[in-house]
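Asks: Any chance you can model this:
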Amino acid sequence: MSLKAIAAALGLSVTTVSRALNGYQDVAQETRIRIEEEAQRRGYRANAAARRLKTGRANAVGLLYPIGTSPLSDGHFSEMLLALDQRLAHHEIDLLLLADKPQSQPFLTRLLRSRAVDAIVVTHITPQDKRLSTLLQTDLRFLALGRSDLPPRYAWFDVDHAAGSQLAVGYCLSQGKGQIAWLGSNETRTGVRDRRQGYLDALGTATPYAQAAVPATRRAGYQQTCAWLAQQNPPDAIITDCGPLAEGAVVALQQAGRAEGDHAIMLIGWDGLPRDAILDYPLITIRQAAQQQVGEQLAKMMLQLLNGTPPPQLQTLWQPWLQLPA
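Replies: Below is the predicted model:
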C-alpha cells in the first residue's frame, strides 16, 4: 500500500502523509491522527530503518525497573507491561526493559549519550528521586509511574494512595472498629509513604493502634500479625498496603480462629490477595484501575510526550475505591 493511496483517500499531499507517518512535528495533531488511522486501516507499515534516518528517532521507549524490587513475573506488573508494549507496538515503537542499578546516574548518563531510546518510563518513584533530578537536567523525555516531592515539572501517572487508605479507615470506623493496625512494607517508594500517611490522616486525633514497616512478603505479614494477636488487646482491624502482606495476615488470622465468626478481625488490603495466593479469603480490597488500563494510559501519555506535548500537561491522578466481598 503506497503513500499516494493514503494521500488520495484523505485529500492530502503525499508529502504531508509522509511527514506525519515519519514522526515530523510540523503536521497538525488532528491531521496526524487521521493519517495514522487511515494507514492502520489499510495495513500500511512505514519502513522503520528509513524513518530512523529521517527523524533521528530510535523508535524505542525504555522502562527503568529497579533491581531488588518485586519480580517482573508479578502478575499485576506484567499485565501493565504487556498492555504498554502492545499499544506502543501499534505505533512501531519498541519497549525495552532497562535494569535500574542502585547507582543509576552513570547508567543514565550512558543512556543519554547512546540515544538508544527516545524516552523512558521511570518506575518505583521515591520522594527525592535522584533519577528524576538527573533527567530534569537533560532533554530526554520521560514519564514517571508515580510522584516525587520534587517540583512537578515532569510528566507523571499515579493513583491517589492517601485517598485509598482513608477510604479503608473510614469503613473500619463506620463498622465500629476503632483499634486499627497498619501493616505496611518498608519500601521507600512515595506511594508506600502516602498510603501510610492516608491511614494516619484518616484517624485524625485518635492514636493509631499499631504501625509496622516490614518487608513486603507473606512471611513478614504472617509474623507481624501473629505478634499482634499474641497481645492482650489485639487489633479489631488490620489494613495492609500490598497483597503479600495481606496473605500472610490471612494465614495468621485463620490459624488463630480470628478470620471469621463473632471474634473475626477485619482485614482490608490494597490490591487484594496475590494472584497465586494459596488461600481463598473474602478480603475487603482497596482497588485501583486494572493494570491493563494503566498500561494503556501510560502508552497514551508517552505518545503525547513523543509528539511534543509539554510534560506539565501530562499529569494524571486516578482515584481508588473500596470493594467489599460479594
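
Asks: Tell me, how many residues neighbour residue 231?
Replies: One way to gauge burial is a neighbour count; for residue 231, by other C-beta atoms under 10 Å, it gives 10. Using the backbone N, CA and C atoms, a C-beta is placed for each residue, glycine as well.

Asks: Could I get the phi/psi values of it?
Replies: Here the main-chain torsion angles of residue 231 (degrees, to the nearest 10) amount to phi -80, psi 160.

Asks: Distance of it relative to residue 209?
Replies: In this structure, residue 231 and residue 209 are separated by 10 Å, where distance is defined by C-beta to C-beta, to the nearest Å.

Asks: same question, residue 131
Replies: Following C-beta to C-beta, the distance that separates residue 131 from residue 209 is 36 Å.

Asks: Residue 64 now?
Replies: Using C-beta to C-beta, residue 64 is found at 37 Å from residue 209.

Asks: and these two? which has more neighbours close in?
Replies: Regarding residue 64 and residue 209, a neighbour count based on other C-beta under 10 Å identifies residue 64 as having more, with 23 against 20.

Asks: is it true that that one lies in a strand?
Replies: Yes. Residue state for residue 64 (DSSP: H, G, I helix; E, B strand; the rest coil) corresponds to a strand.

Asks: hang on, isn't it packed against residue 125?
Replies: No. Checked against C-beta atoms under 8 Å, the pair residue 64 and residue 125 is beyond contact range at 10.3 Å.

Asks: so where do the helices sit in the protein?
Replies: Chain-ordered helices for the chain, with DSSP state H as the definition, fall at 3-10, 14-21, 29-41, 48-55, 75-89, 104-114, 130-136, 161-174, 190-203, 218-229, 243-255, 291-306.

Asks: got the buried residues for stretch 171-188?
Replies: Residues of stretch 171-188 classed as buried by neighbour count (16 or more other C-beta atoms under 10 Å): 171, 172, 173, 177, 179, 180, 181, 182, 183, 184, 185, 187.
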